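**Student:** Model the following, please.
(chains A and B)
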Amino acid sequence: MVCRTSVPANLWSPFRDLVRLQGDLGRLLGEPLRTQKVPDGPAFNIWKNENGASVTAELPGLDLEKLEVSIVGDTVTIQGQKATENYPEETRVQRRERAPGQFTRTLKFPFRVDATRSEATYSKGLLTVTLPSLEDDKRKQIAVKSA
Amino acid sequence: MSQTANCCKPHQESAPATNSTEVAPTPKVFVPQVDILESENQILLLADLPGVDQEGLDITLEKNVLTIRGTVKPHGPEGYQLAYAEYEVGNFERAFTVSNDIDRQGIDAVVKDGVLRLTLPKAKHAVTQKITVKTA
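**Tutor:** The predicted structure follows:
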């Protein structure tokens, strides 16, 4: 698990220590605290295999018409927006915990992404983007000859 | 403050993760994030339950405790290994205390794109009535 904080690692930051403490306490108490959550947007998981990578994200209630996945070389940008809810005017908000609004996430991969074979699917609030590597950038094995 | 402001509030006692016999390795249980909106005739509860579909959703109203349970099937792209993780997959559970001012028969639940939309209509007697004042 990677714990991402927005503070550079070489700077002393009491907040980083607090974030770490929160994670440690969670582990100690066996409580599933969602400490891995990136503060400025939805959380992404990145998967890999020999053909490339796949990105999954928990994005409940996404407006699919405003979802954009763009690929330039080795950089993939995923941009989206939550579907706007229409409430009657006299509605009073009692509790608002769900993250609203827009997000943009740019991910850089150690290979050039084959945009023509890339795919994105959305189901049950989960976004999956399959990003195969270009043939030229795939790992190649070299046979070792004995002299 | 109106009387109905506390019609639907998070249940204070933490509900124990029961029914561990259902799935072999007990998955983690997360508390889903919710929005609660109140209007004149109803209370609308929106909960983020990514990965939960109609079959995995279990909503119970016992006495005055409304419990939402969402079971998530292990998901992830097939044939891939996890390289970097910011979120974990787990089930969802959250309990709310509901007042008696809710029309229990009229509760309606819809799940779409991982968002649960739970409509709790207010009972007839709880709906605010305006009384017109007549001049004598």
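
**Student:** now the helices for chain A?
**Tutor:** With helices called from DSSP state H, chain A shows them at A:14-29.

**Student:** Any regions of chain A where pLDDT drops low?
**Tutor:** A:1-16, A:19-20, A:23, A:26-40, A:88 (pLDDT under 70).

**Student:** ok, 90 please
**Tutor:** Applying pLDDT under 90 to chain A flags residues A:1-43, A:50-51, A:63, A:81-103, A:135-143, A:147.

**Student:** gap between the residue nearest to the spatial centre of it and chain B?
**Tutor:** When Cα atoms, centre = their mean is applied to chain A, the residue found nearest the centroid is A:Phe44 (2.1 Å). Distance, A:Phe44 to chain B, using Cβ to the nearest Cβ, to the nearest Å: 5 Å. In short, each C-beta sits where N, CA and C put it, glycine included.

**Student:** which ones are touching the residue lying closest to that residue once chain neighbours are set aside?
**Tutor:** Nearest in space to A:Phe44, with sequence neighbours left out and distances taken as Cβ to Cβ, 6 or more residues apart in numbering or on different chains, is A:Ala57 at 4.7 Å. For A:Ala57, the contacting residues are A:42-45, A:78, A:105, A:126-127, by Cβ atoms under 8 Å, 6 or more residues apart in numbering or on different chains.

**Student:** now, the most widely separated pair of those?
**Tutor:** Using Cβ to Cβ, the contacts of A:Ala57 span at most 15.1 Å, a distance reached by A:Arg105 and A:Leu126.

**Student:** Could you tell me which residues make contact with the residue in chain B positioned nearest to chain A?
**Tutor:** Residue of chain B nearest chain A, by Cβ to the nearest Cβ: B:Gly114 (1.8 Å). Contact analysis of B:Gly114 by Cβ under 8 Å, 6+ apart lists A:58-61, A:124-126, B:48-52.

**Student:** ok, so of those, who is nearest A:Asp114?
**Tutor:** A:Leu126 (22.7 Å).

**Student:** Next, count neighbours for that closest one.
**Tutor:** 22 (other Cβ atoms under 10 Å in any protein chain shown).

**Student:** Can you tell me the closest non-neighbouring residue to the residue of chain B closest to chain A?
**Tutor:** Nearest residue to B:Gly114 in three dimensions, chain neighbours excluded: A:Gly125, at 1.8 Å (Cβ to Cβ, 6+ apart).

**Student:** out of the contacts of B:Gly114, who's nearest A:Val72?
**Tutor:** Using Cβ to Cβ, the contacts of B:Gly114 come closest to A:Val72 at A:Leu59, 21.9 Å.

**Student:** Okay, strands next: where are they in the chain?
**Tutor:** Unless you meant another one, I'm taking chain A. A:44-49, A:52-58, A:68-72, A:75-81, A:92-96, A:102-108, A:119-123, A:126-132 (DSSP state E).

**Student:** ah, no, chain B please
**Tutor:** B:8-10, B:29-30, B:34-38, B:42-48, B:57-62, B:65-70, B:81-85, B:91-98, B:108-112, B:115-121.

**Student:** Comparing the ones you listed by mean pLDDT, which bottoms out?
**Tutor:** Of all these, mean pLDDT reaches its minimum on strand B:8-10 (a mean of 58).

**Student:** Looking at chain A, what residue ends up closest to chain B?
**Tutor:** Taking Cβ to the nearest Cβ, chain A has A:Gly125 as its residue nearest chain B, at 1.8 Å.
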